[in-house]
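*Asks:* Just the structure for this:
(2 chains)
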Amino acid sequence: MMGDPLIPIEDPNAAVAGTGVPPVIAPGHTFSSVTDKISSIVLTRKTPIGWWLGFLIAFGIVNVLMIAITYLFVKGVGIWGVNVPVGWGFAIVNFVWWIGIGHAGTLISAILLLLKQTWRTSINRFAEAMTLFAVACAGLFPVLHLGRPWLAYWLFPYPNSMGVWPQFRSPLIWDVFAVSTYATVSLLFWFVGLIPDLATLRDRSQSPVGRVVYGILAMGWRGSARHWHRYETAYLLLAGLATPLVVSVHTVVSFDFAIAIVPGWHTTIFPPYFVAGAIYSGFAMVLTLAIPIRAIYGLEDFITLRHLENMAKVMLVTGLIVAYGYAIEAFIAWYGGNKYEGFMIWNRMTGPYAPFYWALITCNIVIPQALWFRAIRKNVPVLFVIAIIVNIGMWLERFIIVVTSLHRDFLPSAWGMYSPTMWDWATFVGTIGLFLALLFLFLRFLPMISIAEMRAILPEAKVEAHEDLRVI
Amino acid sequence: MRTSPTLYGLMAEFDDPQTLVAATRRAHDEGYRRMDAYSPFPIEELHEALGQHHSKLPLIVLIGGIIGGLGGYALQYWVAAIAYPLNIGGRPLHSWPAFIPVTFECTILVAALSAVLGMLALNGLPMPYHPVFNVPRFALASRNRFFLCIEAKDRKFDLEATRRFLETLEPREVSTVAD
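*Replies:* This next block holds a predicted model:
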């Protein structure tokens, strides 16, 4: 019944005739070969030994996170390096870093959908999964930083016997709404995209458990034309809603800083510069994940060099916007004539944290300029290394923003130094483990590429082109 | 003509989307209305071929967004000006610019929930049982095959005549669907 053998695939990266660019899907694929190849990773192929190894390591690190959180609950935030004057420290650095990483997933799934970029199709599913898991990691930090994390629900407006309500004029409350809306909408978008593929898994699963579980999740999807029409409308509307949402989320995150009067934070460049930085770091993370995944699962014919090159180009552009942000920060500090601003930027460049500042400039601005060269964009190992460097650079950026502004503000008598403790590191590394563990589970149990959307971009899916051959 | 109540309809299976769209158009021209086409990916032309036009979904999403926005703003106004007023240096209690970010987020949240729940409700999902799944080959509708099902409830449906009609559409196979 599931006859058609997999057709041997030609070189996936051979350029499309007349265009000189690699295709978004290798030639030779059919509806059945696309379905079988992607669903087999979940249903029939033996779980690679690398998966077990990776998952167990990640799961081990999740346990480090658990221990760090438990100790935090017992002792309080005093186990971290935060104190006056640097009260934010790693918690906010990591929060902004993770939430920024999530943004590329929404950009790929929503904005590139609206712009009709078909190359997004093979990377949107796992980019969206990356968004969800990154937001989950991000959400942990402000909650753990509360002091009494078990009272986190006080942040939401609900009728309570204390008669107290949240302060809606505070950016920290805006953050609660922005991040929780973002997490909810990302989950909805991801799940709606999954429904047709869950139906495929339900129909193809050989195990009774798989049939039941995927069957419940697919909710009885049967591919009816009437359903597809509403489905497509809903998906497009969600993309239209997620686009301004993703811009608003990092804007609100930047307001956490920009609304305060601290030197280096109180600036209007923050919202656009934060959004660009978020997309920059997110694409770096998508590349960091996509490059090993396509190699391990043999998906080079679905995630082609075209995808990698396009992502490298997006990184180059957003990286330049970020560079502009750094330049304007320094320029305004000088041109504005405010001595606290001037001191802040001078302290960043030459003060005790200067090595981190220059490392950030090297990682985020200098090294990514290599992406101007096509040979570099097509060199997969080099691209992988650059993506990791950008991830590190964007983390350093948030460290510099949070720490250098706080550690030396208006009065020298209030100055101090910040250094993370072992527990700061355990929590940060722990969330990386949580992120990877969730990602490994996703790769194992759900289709990492949208099967329905891949079918729709195959040449044989076009109806109108053949219409004249079938006169009725 | 109504046939036996245990029959849901007749289902034709096709190899490619082009044949399915052509067949659906023919069936619609022939006067069949209670029918549905099934495909493993969305086909724009198919929906039109079934004689369907507008969807209520965009209106539902618009209404959801308006409710979310108004509700979010009203909540903040009520909290900041009525339920828990804080006089800070005589600043106005109804400080509307500060309420915009949360109003915006609430608009998006309720609109997105309306889009998803509205789509599921209009589609009648979740639906654990549906007669089309009684055809064993229908499992391929989520892989690489295309189906057209004319329901027995259609006024023009006649087991023999409809089967003969479906056979003229170059199907791979025509099967009866038990209810």
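
*Asks:* nearest residue to whichever residue of the stretch 251-400 of chain A sits closest to chain B other than its sequence neighbours?
*Replies:* When scored by C-beta to the nearest C-beta, the stretch 251-400 of chain A has A:Val252 as its residue closest to chain B, at 5.6 Å. Any C-beta I mention is one placed from the backbone N, CA and C, and that applies to glycine too. Nearest residue to A:Val252, sequence neighbours excluded (C-beta to C-beta, 6 or more residues apart in numbering or on different chains): A:Ala178, at 4.1 Å.

*Asks:* Wait, that neighbour touches A:Val246, no?
*Replies:* No - using C-beta atoms under 8 Å, A:Ala178 is not in contact with A:Val246, being 10.1 Å away.

*Asks:* got the buried residues for the host helix or strand of A:Gly60?
*Replies:* Under the criterion of DSSP states H and E, A:Gly60 resides in helix A:49-75. For helix A:49-75, burial by neighbour count (16 or more other C-beta atoms under 10 Å in any protein chain shown) applies to A:Trp51, A:Gly54, A:Phe55, A:Ala58, A:Ile61, A:Val62, A:Val64, A:Leu65, A:Ala68, A:Ile69, A:Leu72.

*Asks:* ok, which of those residues also contact chain B?
*Replies:* The subset of these within reach of chain B, counting by C-beta under 8 Å from any C-beta of the partner chain, is empty.

*Asks:* wait, which of those residues is closest to chain B?
*Replies:* When these are compared against chain B (criterion: C-beta to the nearest C-beta), the nearest one is A:Trp51, at 25.1 Å.

*Asks:* Need the per-residue pLDDT for the residue of chain B most remote from its centre.
*Replies:* Centroid-distance maximum for chain B: B:Gly89 at 53.9 Å, with C-alpha atoms, centre = their mean. Here the pLDDT value assigned to B:Gly89 is 88.

*Asks:* And A:Ala456, by the same measure?
*Replies:* For A:Ala456, pLDDT reads 85.

*Asks:* which non-adjacent residue is nearest it?
*Replies:* A:Ala456 sits nearest to B:Phe41 (C-beta to C-beta, 6+ apart), 4.1 Å away.

*Asks:* Quick check: the one you found touching A:Lys462?
*Replies:* No - B:Phe41 sits out of contact with A:Lys462 when judged by C-beta under 8 Å, with a separation of 11.5 Å.

*Asks:* three-state assignment of the residue positioned nearest the centre of chain A?
*Replies:* In chain A, the centroid-proximal residue (C-alpha atoms, centre = their mean) is A:Gly102; its distance is 2.6 Å. For A:Gly102, the assignment made with DSSP: H, G, I helix; E, B strand; the rest coil gives helix.

*Asks:* In contact with it, which residues?
*Replies:* For A:Gly102, the contacting residues are A:Met130, A:Thr131, A:Leu132, A:Ala134, A:Val135, A:Ala138, A:Tyr182, A:Ser186, A:Ala278, A:Gly282, by C-beta atoms under 8 Å, 6 or more residues apart in numbering or on different chains.

*Asks:* and with 6 Å instead?
*Replies:* A:Thr131, A:Ala134, A:Val135 (C-beta atoms under 6 Å, 6 or more residues apart in numbering or on different chains).

*Asks:* Distance to chain B added to these, as CSV?
*Replies:* Conversion of those to CSV gives the following (distance: C-beta to the nearest C-beta, whole Å):
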residue, distance to chain B
A:Thr131, 14
A:Ala134, 19
A:Val135, 14
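
*Asks:* picking that back up, let's verify the residue farthest from the centre of chain B: helix, strand, or coil?
*Replies:* Once three-state DSSP is applied, B:Gly89 turns out coil.

*Asks:* circling back to that earlier point, mind putting the buried residues of helix A:49-75 in CSV, pLDDT included?
*Replies:* What follows is these, written out as CSV (pLDDT from 0 to 100):
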residue, pLDDT
A:Trp51, 89
A:Gly54, 90
A:Phe55, 94
A:Ala58, 95
A:Ile61, 96
A:Val62, 96
A:Val64, 96
A:Leu65, 96
A:Ala68, 95
A:Ile69, 95
A:Leu72, 94
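
*Asks:* how many neighbours does residue 141 have?
*Replies:* Using chain A. Under the neighbour criterion other C-beta atoms under 10 Å in any protein chain shown, A:Phe141 is assigned a count of 21.

*Asks:* wrong one, chain B
*Replies:* 26.

*Asks:* Can you give me the distance of it to chain A?
*Replies:* Counting by C-beta to the nearest C-beta, to the nearest Å, the gap from B:Ala141 to chain A is 5 Å.

*Asks:* wait, doesn't that residue sit right on B:Tyr38?
*Replies:* Yes - if you go by C-beta atoms under 6 Å, B:Ala141 and B:Tyr38 touch, sitting 4.5 Å apart.

*Asks:* Common neighbours of those two, please.
*Replies:* The contact lists of B:Ala141 and B:Tyr38 share A:Gly223, B:Phe147, where a contact means C-beta under 6 Å, 6+ apart.

*Asks:* A:Val176 touches A:Leu155, doesn't it?
*Replies:* Yes - assessed by C-beta under 6 Å, A:Val176 is found in contact with A:Leu155 at 4.7 Å.

*Asks:* When those two are compared, which one has more neighbours?
*Replies:* Using other C-beta under 10 Å as the criterion, A:Val176 and A:Leu155 rank with A:Val176 on top: 22 against 17.

*Asks:* Helix, strand, or coil at the more buried one?
*Replies:* Under three-state DSSP, A:Val176 comes out as helix.

*Asks:* Kindly report the same for A:His29.
*Replies:* The assignment at A:His29 comes out as coil when based on three-state DSSP.

*Asks:* element containing the closest residue to B:Phe99 other than its chain neighbours, please.
*Replies:* Nearest-residue entry for B:Phe99: B:Gln76, 4.4 Å, with adjacent residues in sequence omitted and distances by C-beta to C-beta, 6+ apart. Per DSSP H and E: B:Gln76 is located in helix B:57-77.

*Asks:* Does the next helix or strand after that helix reach chain A?
*Replies:* Of the helices and strands lying after helix B:57-77 in sequence (DSSP H and E), the nearest is helix B:100-122. Yes - residues of helix B:100-122 contacting chain A under C-beta under 6 Å from any C-beta of the partner chain: B:Pro101, B:Val102, B:Phe104, B:Glu105, B:Ile108, B:Leu109, B:Ala111, B:Ala112, B:Ala115, B:Val116, B:Met119, B:Leu122.

*Asks:* Following the chain past helix B:100-122, name the next helix or strand.
*Replies:* Per DSSP H and E, helix B:100-122 leads on to strand B:146-151 as the next helix or strand towards the C-terminus.

*Asks:* Report the mean confidence score over that following strand.
*Replies:* 89.

*Asks:* Quick one: list the elements packing against it.
*Replies:* Counting contacts by 3 or more C-beta pairs under 6 Å, 6 or more residues apart in numbering or on different chains; DSSP states H and E, strand B:146-151 is packed against strand B:7-14, helix B:17-30, strand B:35-38.

*Asks:* Of all the residues in that strand, which ones are buried?
*Replies:* For strand B:146-151, burial by neighbour count (16+ other C-beta under 10 Å) applies to B:Phe146, B:Phe147, B:Leu148, B:Cys149, B:Ile150, B:Glu151.

*Asks:* Over to stretch A:189-196?
*Replies:* Neighbour-count burial for stretch A:189-196, counted by 16+ other C-beta under 10 Å, picks out A:Phe189, A:Trp190, A:Val192, A:Gly193, A:Leu194, A:Ile195, A:Pro196.

*Asks:* Turn those residues into a markdown table, including secondary structure.
*Replies:* Below are those laid out as a markdown table (three-state DSSP):
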| residue | secondary structure |
| --- | --- |
| A:Phe189 | helix |
| A:Trp190 | helix |
| A:Val192 | helix |
| A:Gly193 | helix |
| A:Leu194 | helix |
| A:Ile195 | helix |
| A:Pro196 | helix |
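
*Asks:* Please list which of the residues you listed also come close to chain B.
*Replies:* A:Val192.
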